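>>> turn this into a structure:
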Amino acid sequence: MDLKEKRREEIIQAAMNVFSKNGFERSKMEAIATEAGIGKGTIYGYFSSKKELFEEMIYYNLDKYKKELSKIIVGQQNFSEKLEGLFRYHASFLNQNLDIFQVINNGELLSHNMKKRLIDEQNSFFELLEKMIEKGISSGEISKNIDREVAVLCIIGSINQFAGKKVFIDRVSADNINSAPLIDILMRGLSGLGDR
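Residues are numbered from 1 along each chain as shown. Predicted coordinates for the structure are as follows:
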């Protein structure tokens with residue numbers, strides 16, 4: 001990583017800290033500069049506005065999220081271990097970015113381009129999970145008669161809702177969540193065991 005890219009990442013990390021503490025509206029570029037240990041003018045050499053910095057922060061996290069999930073999905077574990085890995089990473093990601101997610105939920109901050117990119121990222125993740133389902137079918141862990149689209153939606157919805165409830169509502173640390181019952185129910189449905 002070159003110096004310019006390293007500095008850009010440091011600014012994004014500082015912005016994450018400031019936005020998570022203060023929210024978007026109350027965050028100031030001066031505070032972000034102070035957090036990053038640089039002058040305010042330096043930030044404007046990388047980002048034209050607070051909103052652009054905010055969006056780039058989200059893109060940065062999306063890229064990080066997608067890379068990690070891709071590693072889990074293409075890994076050598078069996079299907080249930082992959083589900084567990086997806087759940088653990090998603091819960092941990094929510095835990096680490098709790099305050100940022102609350103800021104993002106205010107849809108007014110999202111530009112049209114950003115909303116489109118979020119949809120594109122969601123579709124990309126959907127495709128990754130479809131490949132995981134196909135591999136599970138090939139290995140015999142998943143029923144060959146499974147509706148792939150419904151299976152992917154069940155995985156995404158279940159993991160997101162369960163992790164979201166535990167992290168956002170129950171305020172449980174990702175390390176302390178017992179995901180075994182969720183993984184068991186998903187595997188029973190995906191493998192066809194739930195039909196017997």
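
>>> nearest residue to the residue nearest the centre of the chain other than its sequence neighbours?
With distances taken as CA atoms, centre = their mean, the residue of the chain nearest its centroid is residue 65 (4.6 Å). Spatial nearest neighbour of residue 65, chain neighbours left out: residue 93 (5.8 Å); criterion: CB to CB, 6 or more residues apart in numbering. C-beta here means a position set from N, CA and C on the backbone, and glycine is covered the same way.

>>> coming back round to it: the residue nearest to the centre of the chain contacts residue 92, doesn't it?
No. Residue 65 is beyond contact range of residue 92, at 10.5 Å (criterion: CB atoms under 8 Å).

>>> show me the domain layout of the protein.
Using automatic domain parsing, the domain parsing of the chain gives 1-48, 54-195.

>>> take these and lay them out in CSV including mean pLDDT.
Formatted as CSV, the domains of the chain follow (pLDDT from 0 to 100):
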stretch, mean pLDDT
domain 1-48, 92
domain 54-195, 89
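
>>> can you give me the helices in this structure?
Remark: helices assigned in the chain by DSSP state H are 3-26, 29-36, 40-44, 50-74, 79-96, 98-104, 112-138, 148-164, 180-191.

>>> hey, C-alpha coordinates of the last one in CSV?
By that I understand helix 180-191. Extracted C-alpha coordinates of helix 180-191, given in CSV (Å, rounded to 0.1, in the frame of the first residue of the first chain):
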residue,chain,number,x,y,z
ALA,A,180,-26.1,-23.4,16.8
PRO,A,181,-30.0,-23.4,16.8
LEU,A,182,-30.1,-21.1,13.8
ILE,A,183,-27.5,-23.2,11.9
ASP,A,184,-29.4,-26.4,12.8
ILE,A,185,-32.7,-25.1,11.5
LEU,A,186,-31.1,-23.8,8.3
MET,A,187,-29.3,-27.1,7.6
ARG,A,188,-32.4,-29.1,8.3
GLY,A,189,-34.3,-27.1,5.7
LEU,A,190,-31.5,-27.0,3.1
SER,A,191,-30.6,-30.7,3.4
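
>>> who's in contact with it?
79-80, 83-84, 87, 133, 136, 141-143, 146, 151, 154-155, 158-159, 162, 193-194 (CB atoms under 8 Å, 6 or more residues apart in numbering).

>>> ok, the fifth one next?
In this structure, residues lying in contact with helix 79-96 by CB under 8 Å, 6+ apart are 65, 68-69, 72-73, 75, 77, 101, 132, 135-136, 139, 141-142, 155, 159-160, 162-164, 166-168, 173-175, 177, 179, 182-183, 186-187, 190.

>>> how close does the residue lying closest to residue 42 once chain neighbours are set aside sit to residue 11?
Distances taken as CB to CB, 6+ apart place residue 33 nearest to residue 42, at 6.9 Å, with adjacent residues excluded. Remark: distance between residue 33 and residue 11 (CB to CB, to the nearest Å) = 8 Å.

>>> ok, now residue 180?
Residue 180 is 40 Å from residue 11, by CB to CB.
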